[in-house]
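Chemist: here is the input, now give the coordinates:
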Amino acid sequence: MITFFEATLTQLSIHKVGNKLLDEPITISEQPVPIADDVLAGLLMEYFLKPFEKVNEIYRLFHPTGDLQLNEIFHFADIIFNKPEDFHLCSQQITKHLYDISNHPKIKFGELYVCHFKGLQIEGEVVEAIGIFKSENKESYLTVSQEEKVFEIRYEQEAINIKKLDKGCIVFNTEKSEGYRVAVVDQTNRSEAVYWMDEFLKLKVRNDNYNQTHNVMSVYKNFVSNKIEEGFDISKADKIDLLNRSLKYFKEKDHFDMDEFSTEVIAHPEGINAFKNFKKNYEDEFDAPINNSFSISDVAVKKQARIFKSVIKLDKNFHIYIHGNKDFIEKGFDEEKNLNYYKVYFKDEQ
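Modeler: Residues are numbered from 1 along each chain as shown. A predicted model of the protein is given here:
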């Protein structure tokens, strides 16, 4: 959990960075931006930090060679944390680094804000932090002014909506040897936007209980939804039952155990082996090991529960929601009508 109610913005530098591939310019400011206005400081804090209040997934900075100093963001963050007087110089270098990797035709021109904060709180720990934020999308705003009984209306076309941060990251000055703790926001969600996380920041997921829970639930859902039918004759109702049982396990247990989970939820020896092989392939492909035992994160369970669907959609006429015992529903085929059907048993109608 990230909170900023006690935080202060101590330094700010603003630069402009375009798309290098399209020969757009980069503009490096010569001086940091003074912030003497408390109202402006409060608006900037809301713009930069408010989107991170709902961020749960925490990353690490890394480099494929294993040398963290070769990660540009780690290198300059390390300098700033140790020599705050070099903040603006480092912000210039961070901007040049972003420009150098901006080689996708759809990357947008925008302002880059580099900030230094004190008093940010992450997972109960109060630390200093560096924020890097980019604004790409502009909006038009109207303002109405009044002098006595005369009104005047003005507009500003290229304005920034402080409720909509396009991209941002916060590097917290903690756990340096592991690549710091890093939180990320990227509202674009397009394939070309991976440059922000993969090329600019060079991030890897922190392998904590939240990510362990999130990953194993995602892998299991993918297995049941897309893979299990390759080796087994399984109905849609059976799939939903497997998902419901897994969700029940994660909601009721405090600790995940792979063997216990497999026995209680899957219960079929061949199905268990198929799932474990599927999990192993995921770990190898994404270099994301999932432990056989870890504490379950309630936050991750709540987030993943939203995508665990328990509905059978029948043409455009009916939806059947299965929340309990799948033995109360039967599937058949009516030869006279040449249609499939479901038969549902129940005790009471509510």
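
Chemist: need the strands for the stretch 101-250 of the chain, in chain order.
Modeler: 110-122, 125-135, 139-147, 150-159, 167-172, 181-186, 203-205 (DSSP state E, counting those that start in this stretch).

Chemist: ranking these by burial, who's on top?
Modeler: Comparing the strands of the stretch 101-250 of the chain by mean neighbour count (mean count of other CB atoms under 10 Å), strand 167-172 comes out on top with a mean of 24. (Glycine included, C-beta is placed from N, CA and C.)

Chemist: can you list the strands that that one pairs with?
Modeler: strand 125-135 (antiparallel), strand 181-186 (antiparallel) (DSSP bridges).

Chemist: and those: which comes nearest residue 85?
Modeler: Evaluated with CB to CB, the strands paired with strand 167-172 place strand 125-135 nearest to residue 85, the distance being 14.4 Å.

Chemist: before we move on, the earlier item: any chance of the strands of the stretch 101-250 of the chain in JSON lines, with distance to residue 76 and mean pLDDT too?
Modeler: Supplementary listing: the strands of the stretch 101-250 of the chain in JSON lines, determined by distance: least, CB to CB, whole Å; pLDDT from 0 to 100:
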{"stretch": "strand 110-122", "distance to residue 76": "9", "mean pLDDT": "96"}
{"stretch": "strand 125-135", "distance to residue 76": "8", "mean pLDDT": "96"}
{"stretch": "strand 139-147", "distance to residue 76": "31", "mean pLDDT": "86"}
{"stretch": "strand 150-159", "distance to residue 76": "29", "mean pLDDT": "85"}
{"stretch": "strand 167-172", "distance to residue 76": "9", "mean pLDDT": "96"}
{"stretch": "strand 181-186", "distance to residue 76": "13", "mean pLDDT": "93"}
{"stretch": "strand 203-205", "distance to residue 76": "15", "mean pLDDT": "87"}
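
Chemist: can you list those strands in CSV and add distance to residue 274?
Modeler: Output for the strands of the stretch 101-250 of the chain, formatted as CSV (distance: least, CB to CB, whole Å):
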stretch, distance to residue 274
strand 110-122, 39
strand 125-135, 41
strand 139-147, 50
strand 150-159, 54
strand 167-172, 38
strand 181-186, 34
strand 203-205, 25
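
Chemist: who wins for proximity to residue 40 among those?
Modeler: Comparing these by CB to CB, strand 110-122 comes nearest, at 12.9 Å.
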